[in-house]
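*Asks:* Sequence and predicted structure, then a few things I'm wondering about:
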Amino acid sequence: MFAVRHCKRLPASFSSVAWLHGTQCFASDAAFGAQPLPPPPSDSTASFGYEEVPEHEKSQRVGAVFNNVSSSYDQMNDAMSLGLHRLWKDRLVTKLSPFPGMQHLDVAGGTGDVAFRIASSLQAFSFGSSSSCDTGSVTVCDINESMLQQGQARASKGLPGGQLLRWVVGDAENLPFPDASFDSYTIAFGIRNVTRIQQALDDAVRVLKPGGRFMCLEFSHVDMPLLKEVYDLYSFNIIPKLGKAIANDEASYQYLVESIRRFPPREEFSAMLEIAQLQRIECEILTGGVVAMYSGFKL
């Protein structure tokens with residue numbers, strides 16, 4: 001089994017970001033070209049579900065949510081989406097169109113659900129080739145180490161593409177990678193958990209190469225009145241109860257439902273992508289508006 005190991009203590013100027021690949025681990029802002037961010041103003045707030053809390057508190061509470069649910073995260077995804085999340089992620093990867101040699105970054109990648117799909121596509125290009133240089137790689141970056149450990153455990157079981165994955169503990173708002181490092185960037189059902197969304201989008205563009213593609217899969221707002229009524233009833237009455245039954249954690253899934261309702265509407269989020277200087281922005285509505293898939297390019 002792959003193991004996540006903590007690095008030795010580093011000078012205060014270094015951030016607590018670890019590069020995880022197999023059992024090796026390295027950490028240094030200098031190595032990745034990232035600079036520590038200044039602390040946010042003390043009066044800055046962010047939404048945690050329906051609550052408005054200080055920014056630092058949101059980060060801590062979101063971290064606690066995923067620490068609590070990491071071991072049952074994949075099982076809960078199947079249960080609460082009735083398996084539809086698999087189709088949504090398949091659609092994301094199809095739209096992304098992985099290509100040989102692609103250097104891909106999956107942020108908030110957690111247990112690797114999207115990353116395994118992309119890596120499996122890349123691995124298919126290597127069949128019949130004597131060189132591994134044409135295959136490419138997928139870096140999974142998540143701020144929550146517990147989630148990454150679940151993904152590494154899946155890789156150790158031999159899931160297709162697992163050997164192409166690299167695991168990194170890092171913050172979406174201050175990614176530990178140099179400018180123009182990746183051909184593509186995905187974030188699936190993770191952007192709404194970020195404290196400062198615009199900052200995360202700006203940093204996504206920073207690490208993309210010119211011509212690189214950004215893609216985001218996120219829950220959205222259902223517009224059809226009848227479907228919205230059914231969806232709201234299911235979300236608020238069933239999903240938290242599933243969380244209690246499967247993950248023994250009703251509160252975390254109550255936050256999940258509330259965070260979806262607090263996420264910006266599609267038009268507003270698309271405008272945020274424009275502010276981040278992405279171009280050729282598209283938004284594809286899936287399952288009647290339950291989910292939206294966003295795409296843009298760094299041109």
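*Replies:* On my side now, so go ahead.
*Asks:* Let me know whether residue 122 touches residue 102 as I believe.
*Replies:* Yes. Under the criterion of C-beta atoms under 8 Å, residue 122 makes contact with residue 102 at 6.3 Å. All C-beta spots, glycine's among them, are computed from the backbone N, C-alpha and C.
*Asks:* Next, show the common contact partners of these two.
*Replies:* Residues within reach of residue 122 and of residue 102 at once, by C-beta atoms under 8 Å, 6 or more residues apart in numbering, are residue 136.
*Asks:* The stretch 101-250 of the chain: strands as residue ranges?
*Replies:* Using DSSP state E, counting those that start in this stretch, the strands of the stretch 101-250 of the chain run over residues 103-107, 137-142, 165-169, 182-188, 208-219.
*Asks:* Return the residues in contact with residue 292.
*Replies:* Counting by C-beta under 8 Å, 6+ apart, residue 292 makes contact with 217-220, 266, 269, 283-286.
*Asks:* switch to 6 Å and redo it
*Replies:* Contact partners of residue 292, counting by C-beta atoms under 6 Å, 6 or more residues apart in numbering, are 220, 266, 283, 285.
*Asks:* partners of the helix or strand where it lies, with directions?
*Replies:* If you go by DSSP states H and E, residue 292 is part of strand 291-297. Strand pairing for strand 291-297, using DSSP bridges, gives strand 208-219 (antiparallel), strand 279-286 (antiparallel).
*Asks:* Quick check: ChimeraX command selecting the buried ones in the contacts of residue 292.
*Replies:* Restricted to buried positions by 16 or more other C-beta atoms under 10 Å, the ChimeraX selection for the contacts of residue 292 reads:
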select :220,266,283
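*Asks:* Not counting sequence-adjacent ones, nearest residue to the residue most central in space within the chain?
*Replies:* For the chain, residue 108 is the residue whose C-alpha lies nearest the centre (C-alpha atoms, centre = their mean; 2.5 Å). Nearest residue to residue 108, sequence neighbours excluded (C-beta to C-beta, 6 or more residues apart in numbering): residue 190, at 2.5 Å.
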